[in-house]
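1. Give the three-dimensional model of this entry:
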Amino acid sequence: MPVDPITTLALRMLLSRRDALRAARAAVAARPPARGAGLPPRELEEVEAALERIAQGRFGGCERCGGAIGRQRLLAVPEARCCLACADARARDVNA
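-> Model prediction:
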């Protein structure tokens with residue numbers, strides 16, 4: 001289990017968000033189809049991937065450059081896969 005306080009806090013946030021997303025997904029599935037209704041398409045998968053990174057001891061490392069993601073970013077976006085610099089570069093590449 002994580003001992004770093006940031007990882008511990010992120011774990012709590014991610015577990016809570018995962019439970020809320022699962023409940024929301026179940027509620028959406030129980031309703032008749034409505035145009036535009038639903039959840040962000042990959043949010044639950046990103047949260048579950050972050051929980052897996054915590055379990056594997058890889059949480060907090062940038063998947064692009066290998067550096068640290070940064071404490072403030074992890075607190076704001078605990079499912080982040082990349083540091084802010086790499087996320088910005090990725091966004092520029094997609095928008096180019």
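2. Sketch out the helices for this protein, chain order is fine.
-> Taking DSSP state H as the test, the helices found in the chain are 5-30, 43-56, 71-76, 84-95.
3. Can you point out the buried residues in the second one?
-> Judged by neighbour count using 16 or more other CB atoms under 10 Å, the buried positions of helix 43-56 are 44, 46, 47, 50, 51, 53, 54. Bear in mind the C-beta positions are built from the backbone N, C-alpha and C, glycine included.
4. leaving aside the residues next to it on the chain, what's closest to the last one?
-> Think residue 54. Of all residues not flanking residue 54 in the chain, residue 11 sits nearest, at 5.5 Å (CB to CB, 6 or more residues apart in numbering).
5. just checking, that neighbour touches residue 51?
-> Yes: taking contacts as CB atoms under 8 Å, residue 11 lies within contact range of residue 51: 7.4 Å.
6. Can I get the helices of the chain in JSON lines including mean pLDDT and distance to residue 63?
-> Output for the helices of the chain, formatted as JSON lines (pLDDT from 0 to 100; distance: least, CB to CB, whole Å):
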{"stretch": "helix 5-30", "mean pLDDT": "93", "distance to residue 63": "16"}
{"stretch": "helix 43-56", "mean pLDDT": "96", "distance to residue 63": "9"}
{"stretch": "helix 71-76", "mean pLDDT": "95", "distance to residue 63": "13"}
{"stretch": "helix 84-95", "mean pLDDT": "90", "distance to residue 63": "8"}
